[in-house]
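Novice: for reference, the sequence and a predicted model appear below.
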Amino acid sequence: VFIILTTAHDPLTVNVGFSILAGITTWSAIPALSEIFVKAGLKGMDLSKRTKHIIPESMGMVAGLIYLVTMFMFIPFPFMKWFTASNDGDLQELKLLTFPNLKLAELLSALLSIQSMVFLGFADDVLDIRWRFKMPLPAIASIPLLMVYWVHLGVTHIVVPIPLRPILGQLIDLGALYYVYMGMVAIFCTHSINIMAGINGVEVGQSLVIACSIAINDMIFLQSASSGAPAIETHLFSLYFILPFIGVSLGLMIHNWYPSKVFIGDTYCYFAGMTFAVVGILAHYSKTLLLFFIPQIFNFLLSAPQLFRLVPCPRHRVPRYNRHTNLMEPSRVVLDEEDDLEVEFSNTKQESKRAPSSVSLSSAGAAGASTQDTDEPHTESTNPPTATLLQSLRPLKNSNLKRSGWYCVKILEALGLTHVRYDSKTGKRPLEMTNLTILNLILLKAGPMSERNLTISVMVVQSCCSLVAFFIRHHLVAFVYDV
Ligand code: UD1
Ligand code: MG
């Protein structure tokens, strides 16, 4: 790395050297800092293990900080030409006339946006910020970037696909709406990684696949572009941001891989999402970027009924760990209560043997309770029988599900995207359904599997989707755009 850094002349090679250094630093810093994080209360319980471990959380902070330091140190390199050009006349004048101020502004605003999200993610880890407050924050964090985009590129039109051109024309200028769209891209990229989470290595795993896809896409472009093409600069810019990200993520992944020694926290999810949004926006390929997010888009659409509370959304929707088989199973959410006292008692007994916390039927506020964590302390079984009896004698509502929620459940069930358990008396009232996430869906279709294999499955799905994305971007695109 030292040789690369001392002998390299072009910024990209320096960036590669810095990325390797950043990866090694992250890998070695994490064990050294773990105890400090735990002492500061930054710790979490590994939900899917036989014995409950408390391990340090928010380690994305270490990766994020090392990334930022690396990028700060890298700032002068793309502008080396202006440092060494002292022979060509008056340096001061040369700088004033030709220095690419906007390029520097792009770099700085991108780093400001990423830094803001690292900060927000850390705040979320510490304060557990409510969804309604944290939802729009990535769009606000992207304002510096959008401002520079407006000054520098200012492109707000989209090219209409060939089949639609007779109706809409060749270009549509979205004007201010284009900035709203880019703010939405920032919101989507950050939160979509955070909701595809909860098993060892899955957050970093998916981010690494996306980051490698972005890097490969940039390299394909740089290979094929004729020299002097304007997009070369933007794809190089994208690589400057993505390579150090891959470096720190690999360093983090070694400790976060199953069985995790550290959790990455919301800090990493937001940091990763914002880095992707930044390169997508500034390198002007947000559509290609979204192609690399196919699993996240699917997971978001699948999650929408829970995220928008059409059906209950528990605090954790991660798959359920079965301590007897050591395998992950789809977790379930309680939708409604069994209204038959007899059935309720027999179910509570059966479930307390099988899956302790998977039944909240005796609780009046049962809807929304997660049915994961089969080896969590069993709150229901510790209830005195009289309390359970009194609770069960409370008048039960006909259905806790809204009409729209009921339709959602039926449609998702018909599409095979969830498994629903109905009441034993009429067989019509939905009582439980599997949580609406891609992780639970994989388990539903492929059957129970180990936590490690589930993470590998997600990475395989993500990689296959990236292959599809490359195919669409580099082959099918010829049918809809002039390339
Ligand atoms: C999001 C998800 C939530 C999921 C959680 C897991 C939505 C709306 N929210 O919430 O369903 O349960 O992420 O990260 O979809 N953990 C593990 N093993 C891991 C990683 C995390 O057990 O490999 C647990 C730990 O207890 C850790 C906690 O998840 O402390 C972190 O959850 P947090 O990131 O705070 O949850 P959210 O992002 O709010
Ligand atoms: Mg999270």
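Specialist: Everything's here; your move. Ligands and ions are numbered 1, 2, ... in the order given.
Novice: name the helices or strands packed onto the one helix or strand residue 235 maps to?
Specialist: Take DSSP states H and E as the rule and residue 235 turns out to sit in helix 231-256. Packed against helix 231-256 by the contact rule (3 or more C-beta pairs under 8 Å, 6 or more residues apart in numbering; DSSP states H and E) you find helix 11-39, helix 60-74, helix 101-127, helix 202-224, helix 265-282. Quick note: C-beta positions are derived from backbone N, CA and C, even for glycine.
Novice: list the buried ones in it?
Specialist: By neighbour count on 16 or more other C-beta atoms under 10 Å, the buried set for helix 231-256 is 234-256.
Novice: can you check stretch 180-190 too?
Specialist: For stretch 180-190, the neighbour count (16+ other C-beta under 10 Å) marks 182, 183, 184, 185, 186, 187, 188, 189, 190 as buried.
Novice: what residue in the stretch 101-250 of the chain comes nearest to ligand 2?
Specialist: Distances between the stretch 101-250 of the chain and ligand 2 by C-beta to the ion are smallest at residue 194, namely 4.5 Å.
Novice: that residue: how many residues sit nearby?
Specialist: Look at residue 194: counted by other C-beta atoms under 10 Å, it has 19 neighbours.
Novice: from ligand 1, how far out is it?
Specialist: Distance from residue 194 to ligand 1, counting by C-beta to the nearest ligand atom, to the nearest Å: 5 Å.
Novice: which residues touch that residue?
Specialist: Each residue near residue 194 by C-beta atoms under 8 Å, 6 or more residues apart in numbering is listed here: 203, 266, 269, 270, 273.
Novice: hmm, back to that, how far does the helix holding residue 235 sit from the chain's center?
Specialist: Centroid separation for helix 231-256 versus its chain: 16 Å, with C-alpha atoms, centre = their mean, to the nearest Å.
Novice: again, but for stretch 295-307
Specialist: 12 Å.
Novice: show the pLDDT at residue 10.
Specialist: As predicted, residue 10 sits at a pLDDT of 88.
Novice: list the residues that contact it.
Specialist: Applying C-beta under 8 Å, 6+ apart, no residues contact residue 10.
Novice: also residue 326?
Specialist: The neighbours of residue 326, taking C-beta under 8 Å, 6+ apart as the test, are 50, 450.
Novice: any idea how far ligand 1 is from it?
Specialist: 15 Å.
Novice: use 593 as the first number from now on
Specialist: That works, and once the first residue is 593, the last one we named lands at residue 918.
Novice: what residues does the stretch 743-892 of the chain put near ligand 2?
Specialist: By C-beta under 5 Å from the ion, the residues of the stretch 743-892 of the chain that approach ligand 2 are 786, 858.
Novice: and the residue of the stretch 743-892 of the chain nearest ligand 1?
Specialist: residue 790 (3.1 Å; C-beta to the nearest ligand atom).
Novice: next, count neighbours for that residue.
Specialist: Look at residue 790: counted by other C-beta under 10 Å, it has 20 neighbours.
Novice: kindly report the same for residue 902.
Specialist: 18.
Novice: then residue 769?
Specialist: Burial measure for residue 769: 12 neighbouring residues, criterion other C-beta under 10 Å.
Novice: I figured residue 770 hits residue 748, correct?
Specialist: Yes - Residue 770 is within contact range of residue 748, at 3.9 Å (criterion: C-beta atoms under 8 Å).
Novice: now residue 917, nearest residue through space, not along the chain?
Specialist: Spatial nearest neighbour of residue 917, chain neighbours left out: residue 1040 (6.5 Å); criterion: C-beta to C-beta, 6 or more residues apart in numbering.
Novice: neighbours around that neighbour, how many?
Specialist: 17.
Novice: who's in contact with it?
Specialist: So residue 1040 contacts 914, 917, 919, 920, 921 (C-beta under 8 Å, 6+ apart).
Novice: what's the distance between it and residue 1005?
Specialist: To residue 1005, residue 1040 is 20 Å away according to C-beta to C-beta, to the nearest Å.
Novice: cool, and residue 616?
Specialist: 49 Å.
Novice: export the contacts of residue 786 to CSV and tack on neighbour count?
Specialist: Below are the contacts of residue 786 laid out as CSV (neighbours: other C-beta atoms under 10 Å):
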residue, neighbour count
795, 28
858, 28
861, 28
862, 32
865, 28
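Novice: and the residues you listed near ligand 1, which?
Specialist: Residues shared between the contacts of residue 786 and the neighbourhood of ligand 1 are residue 858 [C-beta under 6 Å from any ligand atom].
Novice: ok, so of the contacts of residue 786, who is nearest residue 892?
Specialist: Of all those, residue 892 sits closest to residue 865, with 12.1 Å by C-beta to C-beta.
Novice: what segments of the stretch 943-1075 of the chain are helices?
Specialist: Taking DSSP state H, counting those that start in this stretch to define them, one finds helices in the stretch 943-1075 of the chain at 971-974, 977-985, 995-1006, 1030-1038, 1043-1063, 1069-1072.
Novice: measure the residue of the stretch 943-1075 of the chain found nearest ligand 1 to residue 1006 for me?
Specialist: Closest residue of the stretch 943-1075 of the chain to ligand 1, C-beta to the nearest ligand atom: residue 1029 (6.4 Å). The gap separating residue 1029 from residue 1006 is 19 Å, by C-beta to C-beta.
Novice: which of these two has more neighbours?
Specialist: Applying other C-beta under 10 Å to residue 1029 and residue 1006 shows that residue 1029 carries more neighbours, namely 22 against 9.
Novice: go ahead and confirm the more buried one touches residue 893.
Specialist: No - in this structure, residue 1029 is not within contact of residue 893 by C-beta under 8 Å, at 11.4 Å.
Novice: one step back: reformat the contacts of residue 786 as TSV; add pLDDT and distance to residue 664.
Specialist: Listed next are these as TSV, based on pLDDT from 0 to 100; distance: C-beta to C-beta, whole Å:
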residue	pLDDT	distance to residue 664
795	97	25
858	96	23
861	97	22
862	97	19
865	97	21
